[in-house]
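Participant: test case, fold it:
(4 chains)
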2 protein chains.
Amino acid sequence: MSESVRLEALEVLDAIDRHGSFAAAAASLYRVPSAISYTINQLETELGIRVFDRTGHRAVLTPAGQLLLTEGRRILIATRELAAAARRQADHWEPELKIALDTTQKPADFYPLIAEFTRAHPAINVRINEEVLAGSWEALVDERVDLAIGVTDPPANAGIHRRQCGRIDFVFCCAPTHPLASAPTPLTEDAIRAHRALVVADTARQFSPRSGNLIDGQARLTVASMRTKIEALERGLGVGYCPTHWVDDALAAGRLIALETMPPATMRETYLLWRRGERGRALQWFIDRLTGDLPD
Amino acid sequence: MSESVRLEALEVLDAIDRHGSFAAAAASLYRVPSAISYTINQLETELGIRVFDRTGHRAVLTPAGQLLLTEGRRILIATRELAAAARRQADHWEPELKIALDTTQKPADFYPLIAEFTRAHPAINVRINEEVLAGSWEALVDERVDLAIGVTDPPANAGIHRRQCGRIDFVFCCAPTHPLASAPTPLTEDAIRAHRALVVADTARQFSPRSGNLIDGQARLTVASMRTKIEALERGLGVGYCPTHWVDDALAAGRLIALETMPPATMRETYLLWRRGERGRALQWFIDRLTGDLPD
DNA sequence: ATAGTCATTCAAAATAATTGAATGATCTTG
DNA sequence: CAAGATCATTCAATTATTTTGAATGACTAT
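Facilitator: You can find the predicted model right below:
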């Protein structure tokens, strides 16, 4: 009456099924057969149903017993996993680590690191969000992510720890067919302003969107990611600054051309950000790796 | 050591969280506070971790304890649902009823019946497959479904129970723009053979496909369902027999025209089929309803 | 037929859970 | 700031539950 199904009973049910009889199950659990009968009886009276059909020599599962067995196994597994997860959590290994990756970073550059982590810690889930400009910072503050990688110009905040983890050079690009491609360089702001800028949308939800490398008064085409921005640049839909490592291939293949600007494209430092006080070991693992040998 | 997490402990954890303190939880469980301490201590020693932080006045969950609470609640719910499902199963209410609906039947005709059933038995899942010709029968024999509705010409089989549940009239149809539309009626087999037949593909996987209402030597266009067949007929892609209730609208709207044939279209009886010996109450519910007042 | 296996029952023994009183720590409130 | 209230823990005693072991009857295989 207190609890209708006890894990103990599900455990016994599993043992009976796997060993073929009450007696064999009893042996496998280092108990006596009557103890098995007792547990199954208790289960049956509690549920008010028959779990085994005893008309024959050996007891055989009823359909309801079959259901209890198969679904019960799921519950047993979930329970064991919960115990393991709780122990890991107590050991400061998070069950899940959520990472915001700034769109200036190429996700593929991080795959080897992720692969290494998941190999070492198969039970810990890793989730990667791609974020733009203030999006990473906001996600961190809102506790939607635990670590932000590759953020440029993070605001100062006492609750957020930062560490420089690389630098990014930008280059002004457009398609070879774009009118600006044949303009005299270095390009002035006025020359650029006459053409549509390709902008990756800030993923921040609440904070006022920042704009990076942008000239006031310029028409914009806003896209969702760096990858889309570069595709749009290649198709001549606009112009804009891109991280050099994102456009190396396109520049080498002639799908884009680089143009000097005045003032020149600024180099920016990229930061690793995490909430001060968070001491999860998975988080620490990534921080150590990313500031030890810089992936960029 | 025997079981690392007991449902009892998860229950207590839940009560502590919901009532705010060990003392309040004890009251809600009609036990004494020390019993709560005992259970939590047992959980902690079992897992080898702290579940509550007792530095302050009142005990507060550690991150690991939080994990145990939230995930543990899922397990408690799953366990209660399992108990309920086992009782229903023992009461001969199947956890799920799988129905094969022959393509000669319009699914919409059965929605009210399904709705009535799911309203009366919200916990029982209903799954409907649409099947063609031998497909329903095969799905039944293979135990992929429990009930087949609207099957024509079912083979005799000792293990399969059948009951007539309606009849279907067929009518030979084509688009008004189709060459046959202006041919002299009744159409002879030779006249029909010259034109492509629209055929719904038999969904049987192993048994040799049957063909319904088909003349040998006729070119075919095979489609996946009666709905597709009628759409293809309307677009003049072929000719063929259709159940009258499927094409009423199209005939009335002039999108299809009906043609007499010699020999004339045959009426077929439709059957309800289920495996002999299956006595589930959900199955019986549908059998009773479908043979009580015929939905067709 | 007979020896072996199987599940059950029941009383006894062993184990586990619960209680209640005592304790110290912390919070509330006047 | 002191007094009273609330909180969680401990420990020995009590109560409840589980496990055992021996006896029993039912079935199987040889």
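
Participant: for the residue of the stretch 151-296 of chain A with the smallest separation from chain B, what are its contacts?
Facilitator: Closest contact between the stretch 151-296 of chain A and chain B, by CB to the nearest CB, is at residue A:280 (9.0 Å). For the C-beta atoms, the positions are set from N, CA and C on the backbone; glycine is no exception. Residue A:280 is in contact with A:92, A:93, A:94, A:97, A:146, counting by CB atoms under 8 Å, 6 or more residues apart in numbering or on different chains.

Participant: now tabulate these in JSON lines and tack on neighbour count, distance to residue B:103 and secondary structure.
Facilitator: Output for these, formatted as JSON lines (neighbours: other CB atoms under 10 Å in any protein chain shown; distance: CB to CB, whole Å; DSSP: H, G, I helix; E, B strand; the rest coil):
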{"residue": "A:92", "neighbour count": "15", "distance to residue B:103": "59", "secondary structure": "coil"}
{"residue": "A:93", "neighbour count": "19", "distance to residue B:103": "54", "secondary structure": "coil"}
{"residue": "A:94", "neighbour count": "21", "distance to residue B:103": "52", "secondary structure": "coil"}
{"residue": "A:97", "neighbour count": "22", "distance to residue B:103": "50", "secondary structure": "strand"}
{"residue": "A:146", "neighbour count": "21", "distance to residue B:103": "53", "secondary structure": "coil"}
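
Participant: re earlier: now the residue of the stretch 151-296 of chain A closest to chain B: how far from DNA strand C?
Facilitator: Residue A:280 is 27 Å from DNA strand C, where distance means CB to the nearest atom of the strand, to the nearest Å.

Participant: do residue A:182 as well
Facilitator: 73 Å.

Participant: how much does the helix ranked longest in chain A deviate in direction from helix B:63-90?
Facilitator: The longest helix of chain A (DSSP state H) is helix A:63-90. Orientation note: helix A:63-90 sits at an angle of 180 degrees relative to helix B:63-90 (axes from the mean of the first three to the mean of the last three CA atoms, to 10 degrees).

Participant: quick one: buried residues of helix A:63-90?
Facilitator: Going by neighbour count (16 or more other CB atoms under 10 Å in any protein chain shown), the buried part of helix A:63-90 is A:64-69, A:71-72, A:75-76, A:78-79, A:82-83, A:85-86, A:88-90.

Participant: packing partners of that helix?
Facilitator: Packing partners of helix A:63-90 (3 or more CB pairs under 8 Å, 6 or more residues apart in numbering or on different chains; DSSP states H and E): helix A:7-19, helix B:33-47, helix B:63-90.

Participant: show me the residue sitting in the middle of chain A in space.
Facilitator: The structure's chain A has its C-alpha centroid closest to residue A:127; by CA atoms, centre = their mean the separation is 1.0 Å.

Participant: helix or strand for that one, which one?
Facilitator: Per DSSP states H and E: residue A:127 is located in strand A:125-131.

Participant: which stretches in the stretch 51-200 of chain A count as strands?
Facilitator: Assigned by DSSP state E, counting those that start in this stretch, the stretch 51-200 of chain A shows strands spanning A:52-53, A:60-61, A:96-102, A:125-131, A:147-152, A:160-168, A:170-174, A:197-200.

Participant: so can I have a markdown table of the ones you listed showing mean pLDDT and distance to DNA strand C?
Facilitator: A markdown table is the format used below for the strands of the stretch 51-200 of chain A (pLDDT from 0 to 100; distance: least, CB to the nearest atom of the strand, whole Å):
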| stretch | mean pLDDT | distance to DNA strand C |
| --- | --- | --- |
| strand A:52-53 | 96 | 6 |
| strand A:60-61 | 95 | 9 |
| strand A:96-102 | 95 | 31 |
| strand A:125-131 | 93 | 32 |
| strand A:147-152 | 95 | 33 |
| strand A:160-168 | 92 | 29 |
| strand A:170-174 | 95 | 53 |
| strand A:197-200 | 92 | 48 |
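
Participant: of all the ones you listed, which one is nearest residue B:59?
Facilitator: The closest of these to residue B:59 is strand A:96-102. By CB to CB, the value is 25.6 Å.
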